[in-house]
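Trainee: the following block contains a protein sequence and its predicted model.
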Amino acid sequence: MDTTRSSINKPSLHDHPLFLSAMFTLSFCDGCHLKGYMYGSYFCNEVSCSFRLHKECAEAPLEINHHPSHPEHPLLLTNESPTKDGTCDFCGQKLLSPYYSCSTCAFKVDFICGIKPSPSAIEHPVCHDHPLVFLKKRGEEKVHCELCKESIDGGPSYSCLECNNMYFHLDCVHLSKEVNHPCHPNHPVKIIASESLKDDDYAEKSCRFCSVEPTKMIYHCSVCNFTVCLGCTKLPPPLIVDHAKTHMHPLRLVLTRLGFTCKVCAVQGYGSKPYICFDCDFVIHGNCVGFPHVININRHDHRILFTCHHGRGRPKCEVCWGTIDEYCAAYICSVCPNYTVHSRCAFHYTVWNGVELEGIPEKKEDVAPFKVVGPNLIRHFSHEKHILLLLKDSVMLHNYYDWLRCVACQLPVRYGPIYSCKECRFVLHEKCAYLPRKKRLIFDPSPYTLECDNPELYIYCKLCGMLCDGFMYTSQGIKMTYHYIDVHCSSLSQPLIHNLHPHPLYFCTRECHCDLCDRYAAYKLTCGDCGGEFTLCFYCATLPEKIWYMSDEHPLTLSCDRNASGQNWCDVCESELDPSKWFYTCSECQLVLHVRCGLGDFSRLKPEKLYTFGERDYKVVLNNHYTRPFCSHCLCRCKVPVILKDNGKDNGFICSRTCLSSCLGIEFV
């Protein structure tokens with residue numbers, strides 16, 4: 001039976017409805033607070049909410065009558081925060097939310113003790129030859145479980161009154177030294193020390209199901225070389241999965257090792273607990289059961305749909321740019337005919353925001369940043385008090401290019417189409433005026449919103465490492481923290497077509513050095529045609545193709561000459577320049593500049609504006625005078641076109657972000 005979209009609403013546990021998922025996931029249960037594999041669970045489908053419960057925990061009763069430890073009053077499930085030193089009246093452990101409490105008296109028990117109270121005594125335990133009694137938390141005394149050899153850490157346990165210092169975990173007490181495991185019915189598995197298999201090169205040392213290699217005790221069958229950890233013995237995977245949206249027939253767990261290719265993720269595996277339909281020759285990883293069917297990813301503007309048979313003739317994946325097997329499952333777009341994504345790529349946490357959209361109507365959001373009010377006239381959301389006029393060529397404004405800058409990207413306005421306000425000095429590049437109000441960005445699965453009022457005065461963009469003012473895209477992350485990305489980095493799309501590289505570039509998170517500036521960055525663009533050998537950091541990817549330098553009346557163009565030989569010198573810092581790296585040059589004046597010398601670290605801040613760094617105020621000033629000031633920290637001439645001036649000092653100039661950080665003793669993060 002397909003129960004993927006079955007829901008449950010437990011106001012005592014969570015504010016939003018919870019949906020049943022068939023997925024196998026290694027996760028944390030917000031009810032019992034245990035981490036491990038969940039073979040089906042209830043989850044919250046809201047953005048930025050990772051709430052998840054075991055199926056058993058989600059279906060726990062709201063009220064318990066006649067609890068063994070408190071039969072006189074009913075216990076009610078509550079999600080209220082317990083007192084700081086609150087403990088469970090049954091087991092003595094620290095009380096965590098949710099828990100059960102009595103409305104008549106102050107009696108409280110934790111979630112597990114409420115739904116599965118441990119008996120006060122076990123007459124015939126399977127793990128020991130003598131009766132065992134339940135013990136509450138014992139101060140700071142630390143003992144080890146007789147079965148798993150792990151520490152009990154003073155928590156509740158079972159103890160033998162006839163044997164000295166013999167204790168068992170509450171969940172280990174139901175395990176014996178020899179178990180007939182449901183996933184290995186041919187022979188019993190026996191508990192042994194994992195150390196005993198250390199010298200056996202052929203022995204299976206990791207768990208067949210979770211692939212974890214236990215450090216203390218394991219269950220092992222020496223006849224079949226079958227190993228399972230204690231956790232998977234307590235909670236084994238299901239032998240049969242009946243989930244129609246994964247496959248039309250029930251799937252059976254294969255107990256022997258075999259080589260296969262998963263029909264969902266297309267990954268080849270060996271012995272990775274596959275499930276098989278023998279009627280259809282369908283094989284799948286357990287972890288690929290229950291993939292969501294309708295999702296949004298941060299690489300595409302439309303919803304994409306899960307399908308087992310896309311039949312698109314081995315297209316390229318739009319995330320990893322690898323080939324997609326047409327006989328394996330994938331995600332496709334019903335609007336864009338050729339858009340296809342590997343199922344494993346679409347499901348990745350850096351691509352998908354975790355929200356299933358099946359059954360949820362698609363909302364048409366207005367992302368337009370302006371309204372057209374006449375021929376070449378608009379009213380932009382960032383400047384609603386005045387109308388903006390489109391100027392096809394802003395050459396008439398070239399006398400003011402030093403101070404006239406686009407309010408969105410903070411780059412100087414000199415040539416090209418712009419939107420200008422006749423009432424004030426508000427100017428937008430035409431391309432910046434078209435930036436959408438909401439957008440999905442390739443480096444984060446959360447949706448972003450364009451903001452024109454920066455409450456922090458400036459941001460430090462973690463992608464390109466620049467201090468920025470102007471417009472930015474913001475998003476609230478899973479940990480309720482806001483992320484700020486400048487419009488330069490947020491405007492990059494995948495694939496990126498750059499004039500100075502012959503192949504398209506794709507986003508990746510493999511940490512390495514940029515081939516151009518040698519910066520070490522976590523987010524980069526790389527070339528699939530070059531075998532991943534060419535990588536570009538976001539700083540280099542967002543460099544403007546043309547700039548103007550104070551000593552040249554012509555624009556300088558971003559250039560690169562891979563075949564250049566001989567020595568080249570930067571006309572600003574007068575040091576050697578590598579022409580195989582990117583640089584700025586004027587074809588008419590033969591002026592050549594390092595990229596850093598042509599832009600500097602403060603080119604995206606507003607000239608004449610005060611910014612607070614640490615506890616000091618600095619004004620952004622243009623370094624366009626014939627006499628260049630000295631930097632108050634490195635004591636060198638300030639060579640870059642935009643610098644900072646300490647508002648409390650006459651000659652307190654700062655030439656770079658490195659000098660600013662060293663001077664103030666702060667890091668920009």
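Mentor: That came through, no problem. Numbering: from 1, shown residues only.

Trainee: quick one, helices of the stretch 351-500 of the chain?
Mentor: With DSSP state H, counting those that start in this stretch, the ranges of helices along the stretch 351-500 of the chain come out as 430-433, 487-490.

Trainee: just how off-centre is the first one within its chain?
Mentor: Spelled out, it's helix 430-433. Put simply, helix 430-433 sits 30 Å off its chain's centre (CA atoms, centre = their mean, to the nearest Å).

Trainee: stretch 530-538 too?
Mentor: Remark: stretch 530-538 is offset 22 Å from the chain centroid, using CA atoms, centre = their mean.

Trainee: can you tell me what sits against that stretch?
Mentor: Defining contact as CB atoms under 8 Å, 6 or more residues apart in numbering, one finds that stretch 530-538 is touched by 461, 463-465, 489, 492, 498, 501, 503, 505, 508, 510, 512-517, 519, 521, 523-527. C-betas here are computed from N, CA, C, even on glycine.

Trainee: contact partners for L132?
Mentor: Residues near L132 by CB under 8 Å, 6+ apart: A121, I122, P125, Y158, S159, C160, F168, V173.

Trainee: if the nearest residue to S490 once chain neighbours are set aside is in a bridge, with which residues?
Mentor: Once flanking residues are discounted, S490 sits nearest to Y473: 4.4 Å by CB to CB, 6 or more residues apart in numbering. Taking DSSP bridges as the rule, Y473 bridges to L450, I485.

Trainee: next SSE downstream of the helix or strand of the chain with the lowest mean pLDDT?
Mentor: Lowest on mean pLDDT, DSSP states H and E among the helices and strands of the chain sits strand 7-8, with a mean of 71. Downstream of strand 7-8, the next assigned helix or strand under DSSP states H and E is strand 18-28.

Trainee: buried ones in that next one?
Mentor: Under the neighbour-count criterion of 16 or more other CB atoms under 10 Å, strand 18-28 has L18, F19, L20, S21, A22, M23, F24, T25, S27 buried.

Trainee: biggest helix in the protein, by residue count?
Mentor: helix 657-664 (DSSP state H).

Trainee: circling back to that earlier point, just the contacts of stretch 530-538: which are in strands?
Mentor: L505, C508, C512, H513, A521, K524, L525, T526, C527 (DSSP state E).

Trainee: make JSON lines out of those residues and add pLDDT and distance to R208.
Mentor: Converted to JSON lines, the ones in strands among the contacts of stretch 530-538 look like this (pLDDT from 0 to 100; distance: CB to CB, whole Å):
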{"residue": "L505", "pLDDT": "87", "distance to R208": "41"}
{"residue": "C508", "pLDDT": "81", "distance to R208": "33"}
{"residue": "C512", "pLDDT": "77", "distance to R208": "35"}
{"residue": "H513", "pLDDT": "81", "distance to R208": "40"}
{"residue": "A521", "pLDDT": "77", "distance to R208": "39"}
{"residue": "K524", "pLDDT": "85", "distance to R208": "38"}
{"residue": "L525", "pLDDT": "87", "distance to R208": "40"}
{"residue": "T526", "pLDDT": "86", "distance to R208": "36"}
{"residue": "C527", "pLDDT": "83", "distance to R208": "40"}
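
Trainee: and which of the residues you listed is nearest to T261?
Mentor: C508 (24.7 Å; CB to CB).

Trainee: for the residue nearest to S490, give me its contacts.
Mentor: Applying CB under 8 Å, 6+ apart, we find Y473 in contact with K439, L441, Y448, T449, L450, E451, Y484, I485, D486, V487, S490.

Trainee: and R344, how far from N296?
Mentor: Look at R344 and N296: by CB to CB, to the nearest Å, they are 17 Å apart.

Trainee: I misspoke; the intended subject was Q567.
Mentor: Q567 sits 52 Å away from N296 when distances are taken as CB to CB.

Trainee: who has more neighbours out of these two?
Mentor: Using other CB atoms under 10 Å as the criterion, Q567 and N296 rank with N296 on top: 20 against 9.

Trainee: how about the more buried one, what does it touch?
Mentor: Applying CB under 8 Å, 6+ apart to N296 gives the contacts R303, I304, W352, N353, V355, L357, R440.

Trainee: just the pLDDT for it.
Mentor: For N296, the pLDDT comes out at 91.

Trainee: with just CA atoms, put the longest helix of the chain into PDB.
Mentor: Presented in PDB, the C-alpha positions along helix 657-664 are these (Å, rounded to 0.1, in the frame of the first residue of the first chain):
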ATOM      1  CA  ARG A 657      41.200  44.200   3.400                       C
ATOM      2  CA  THR A 658      44.400  42.500   4.800                       C
ATOM      3  CA  CYS A 659      45.700  45.700   6.200                       C
ATOM      4  CA  LEU A 660      42.200  46.500   7.600                       C
ATOM      5  CA  SER A 661      42.000  43.100   9.400                       C
ATOM      6  CA  SER A 662      45.500  43.400  10.800                       C
ATOM      7  CA  CYS A 663      45.000  46.900  11.900                       C
ATOM      8  CA  LEU A 664      41.700  46.200  13.800                       C
END
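
Trainee: flag every buried residue along that helix.
Mentor: Going by 16+ other CB under 10 Å, helix 657-664 has these buried residues: R657, C659, L660, S661, C663.

Trainee: what of stretch 380-387?
Mentor: Neighbour-count burial for stretch 380-387 flags H380, S382, H383, I387 (criterion: 16+ other CB under 10 Å).

Trainee: okay, the second one: pLDDT?
Mentor: According to the per-residue confidence, S382 scores 93 in pLDDT.

Trainee: next, count neighbours for the nearest residue to C288 once chain neighbours are set aside.
Mentor: Using CB to CB, 6+ apart and skipping the chain neighbours, the partner closest in space to C288 is V264 (4.0 Å). By the criterion of other CB under 10 Å, V264 has 25 neighbours.

Trainee: how far away is V264 from C328?
Mentor: On the measure of CB to CB, V264 and C328 end up 7 Å apart.

Trainee: distance of the closest residue to E150 other than its chain neighbours from A193?
Mentor: With CB to CB, 6+ apart as the criterion, E150 has its nearest non-adjacent residue at 5.9 Å, and that residue is K216. With distances taken as CB to CB, K216 is found 7 Å from A193.

Trainee: shared neighbours of these two, which are they?
Mentor: Common neighbours of K216 and A193 (CB under 8 Å, 6+ apart) are K149.

Trainee: so where is the stretch 451-600 of the chain shaky, pLDDT-wise?
Mentor: For the stretch 451-600 of the chain, the stretches flagged by pLDDT under 70 are 454-456, 476-482, 531-532, 551-552, 564-566.

Trainee: let's see it at 80
Mentor: Residues of the stretch 451-600 of the chain that meet the criterion pLDDT under 80 lie in 453-457, 462, 476-483, 494, 509-512, 518-522, 528-533, 549-553, 561-567.

Trainee: about what we covered before: any idea which of the contacts of N296 is closest to T557?
Mentor: Out of those, the member with the shortest distance to T557 (by CB to CB) is R440, at 31.8 Å.

Trainee: find the nearest non-adjacent residue to that closest one, please.
Mentor: Using CB to CB, 6+ apart, the closest residue to R440 is N298 (4.5 Å).

Trainee: hang on, isn't the one you found packed against I442?
Mentor: Yes: with contact defined as CB atoms under 8 Å, N298 and I442 form a contacting pair (5.8 Å).

Trainee: buried residues in stretch 409-424?
Mentor: When burial is assessed from 16+ other CB under 10 Å, stretch 409-424 yields the following buried residues: C409, Q410, L411, P412, V413, R414, I418, Y419, S420, C421.
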